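**Student:** Fold the following and give me the result.
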Amino acid sequence: MAAFSDVECQSVDQMVDLKGHPVNKALTGRWKACCFLVGYEACERLAYYGIASNLVVYLTSELHEGTVASSTNVSNWGGTIWITPVIGAFIADTYLGRFWTFSIFSGVYIVGMVCLTIAVSLPALKPPPCTSPTVCPSATTTQVGFVYFALYLLSLGTGGTKPNISSFGADQFDDKDPAEGVQKLSFFNWWMFSICFGSLVAQTALVYIQDNVGWAWGYGIPTASLVVSATIFLVGTPYYRHRRRSGSPLLQIVQVMVAAIRNYKECLPDDESLLFEVSFKETCIHDPQTRLPRTSKFRFLDKAAVVGKANENSEKLAALGPWRLCTVTQVEQTKLVVGMMRIWLGTLLFTSVAGNSLTFFIKQGTTLNRHIGANFEIPAASLGAFITLSMLILVPVYDKFFVPFMRRVTGLNRGITLLQRMGIGMLLQIFAMVVAALVEVKRLQIARDHGLLDKPQIPIPMTIFWLTPQYILMGISNTFSEIATLEFFYDQAPLNMKSIGTAIYTTNIGVGLFCSSLLITIVHKVTSHNGRKSWLVDNLNRCRLDYFYWLLTILITINLGVFIFLAKTYHYKSQDATTATVSQGNESCVELQVTKNLSSH
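**Tutor:** I've put the predicted structure just below:
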């Protein structure tokens, strides 16, 4: 068989412009395109965290929800925000592509933000103010309904933007170009840096405006920021590279599962070349994905590629269809996703615990002395800025100093593996919860000593800065775990499933927040059983958050052990499996051995 020329293969593998034409590599992509995307992300995160950072305070102070109800509602909304990206990823990879999916859902996102700004601005959409600390009129069904309609419309909009913007940014770098490959290694670090910058402004300036100027301005500014961010994204259109779509990746996964089950009686051949695969010519020309060699993990799925008795007749082979016979490449892509899902499960509880910084950490802050000087009062939600500041400081340090140092020690391009980086972050999160529990013990002791257990409206004479260590530790933890988790799910996803890989990352956060909500509900019900006082009540001075934090510490310590086991048994995707075989002298495509070609029958 003849080898294909360099031009033939690269004309397929290279990126295209918005109209589907080949792009000029020198004029598009790289940081020239990513600067627009990073600018978008900074403004969009300002909008998102401008809502999320102080939402629990709005629900309790303006809609008059209780502590447990507001915490669970914030967690449920946050969970939805991070799960809807599965929808956006499916639409992008199957139908519209990342650019158009992102652009359309950005419009939905903006409409949701406008509705939310209206909800917090019009008096008719809010209940009357409390007449006393214990007497607060309940919000009507219409008032509650409109607020949550806006919040969940907003979450639908983010479903189309979150999974596509970061993977679209990573697409701007050519993995086959060594120079661009090095730039891509830093992309996710600086991507997280832009997120931190936007969230820092939200957690400081915007939260202060919400608490001291008004909710209308506090939510109106994030809405305007979102419009600006969408404009920035569109301005960069001429510089973007677009990856060709190759059919529904989720459908391909389901087909492999079904085919493996239907072929469960078939025996795997000793000669793996007897497994079904299309020719390299067809792969190179018609499909942007590249061939993947067979691996020994999850062997049951290999049955989806067993030709069986049909190899005696080419017509029978062609008639089997993808629901009975899949290629080795399709099977290996499914194996990669299955392997990633094991890590997904191993990180779920840690994501759940991280949700506490948006709820109970903030509620703790509302009970403490928040004054600096005589006249300035720090918004409780602004302490979240310490998470962001920690990351803003550490991300450049990690990228410029830690990675080069560890690279010399380990010989790895990233310095340490992605799973090692995630594990370090998880260990730091355990320390953060231990500190949070000890600080809560101190807070309750001071409240008891000053007779404030039943006077939640009076600030406890303990500065809010007692909470900064737990926030800083969470920020350091995120510098390791959050960035590594995002990069892991993108990097390990098959080439034609990058949006799905990013969506797996977002669903990890979403399901984790739902688990956080479920855990709060379970703890509340179990601890209040048989008339006992719940650990989690509206009066935080009567809460036992310290017990709750110790419980979380025990759970995530156990989970860390499980994660270490999963990490040790995980097999990283081979770099050679993601690209066509490359010759040593030039990067020309060469012929790959065909394992089982339909044309050979």
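
**Student:** Y572 belongs to a strand, doesn't it?
**Tutor:** No: when the secondary structure is assigned by DSSP: H, G, I helix; E, B strand; the rest coil, Y572 falls in coil instead of a strand.

**Student:** Run through the residues that contact the residue nearest to it when sequence neighbours are not counted.
**Tutor:** Nearest residue to Y572 in three dimensions, chain neighbours excluded: Q492, at 7.0 Å (C-beta to C-beta, 6 or more residues apart in numbering). In this view, the C-beta of every residue, glycine as well, is placed from N, C-alpha and C. By C-beta atoms under 8 Å, 6 or more residues apart in numbering, Q492 lies in contact with 336, 339-340, 501, 572-573.

**Student:** what's the strand or helix carrying L392 in contact with?
**Tutor:** Taking DSSP states H and E as the criterion, the element that holds L392 is helix 385-397. Residues external to helix 385-397 that are found in contact with it (C-beta under 8 Å, 6+ apart): 189-190, 192-193, 196-197, 199-200, 203-204, 357, 468, 471-472, 474-476, 478-479, 483.

**Student:** Could you pull out the buried residues of it?
**Tutor:** Neighbour-count burial for helix 385-397 flags 385-392, 394-395 (criterion: 16 or more other C-beta atoms under 10 Å).

**Student:** Out of the residues you listed, flag the one nearest to I509.
**Tutor:** For I509, the nearest member of the buried residues of helix 385-397 is I387. The distance, counting by C-beta to C-beta, is 14.7 Å.

**Student:** Flag the shaky bits of the stretch 401-550 of the chain, pLDDT-wise.
**Tutor:** The stretch 401-550 of the chain contains residues with pLDDT under 70 at 499.

**Student:** Now W77: closest residue in space, sequence neighbours ignored.
**Tutor:** Taking C-beta to C-beta, 6+ apart, and ignoring the residues beside it in sequence, W77 has L151 as its nearest neighbour in space, at 5.4 Å.

**Student:** In this structure the one you found contacts L116, no?
**Tutor:** Yes: taking C-beta atoms under 8 Å as the definition, L151 is a contact partner of L116 at 6.5 Å.

**Student:** With neighbour numbers in mind, choose between those two.
**Tutor:** Neighbours were counted for L151 and for L116 using other C-beta atoms under 10 Å; L116 has more, 26 against 22.

**Student:** Can you verify that one is assigned to a helix?
**Tutor:** Yes: going by three-state DSSP, the assignment for L116 places it inside a helix.

**Student:** show me what contacts it?
**Tutor:** Contacts of L116 were listed using C-beta under 8 Å, 6+ apart, and they are 51, 147, 150-151, 154, 219, 223.

**Student:** Go again with 6 Å.
**Tutor:** Shown in contact with L116 (C-beta atoms under 6 Å, 6 or more residues apart in numbering): 150, 219.

**Student:** and what of V435?
**Tutor:** For V435, the contact set (C-beta under 6 Å, 6+ apart) comprises 469-470.

**Student:** Which secondary structure element is home to P461?
**Tutor:** strand 460-463.

**Student:** Mind listing residues that contact that strand?
**Tutor:** Contacts made with strand 460-463 from outside it, assessed by C-beta under 6 Å, 6+ apart, are listed as 367-369, 443, 446-447, 452.

**Student:** For PyMOL, what selects the buried ones among those?
**Tutor:** The PyMOL command for the buried members of the contacts of strand 460-463 (criterion: 16+ other C-beta under 10 Å) is given here:
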select buried, resi 367+368+443+446+447+452
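
**Student:** Could you save the contacts of strand 460-463 as JSON lines and add columns showing distance to Y208?
**Tutor:** Formatted as JSON lines, the entries for the contacts of strand 460-463 read as follows, by distance: C-beta to C-beta, whole Å:
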{"residue": "T367", "distance to Y208": "19"}
{"residue": "L368", "distance to Y208": "17"}
{"residue": "N369", "distance to Y208": "17"}
{"residue": "R443", "distance to Y208": "23"}
{"residue": "I446", "distance to Y208": "26"}
{"residue": "A447", "distance to Y208": "26"}
{"residue": "L452", "distance to Y208": "26"}
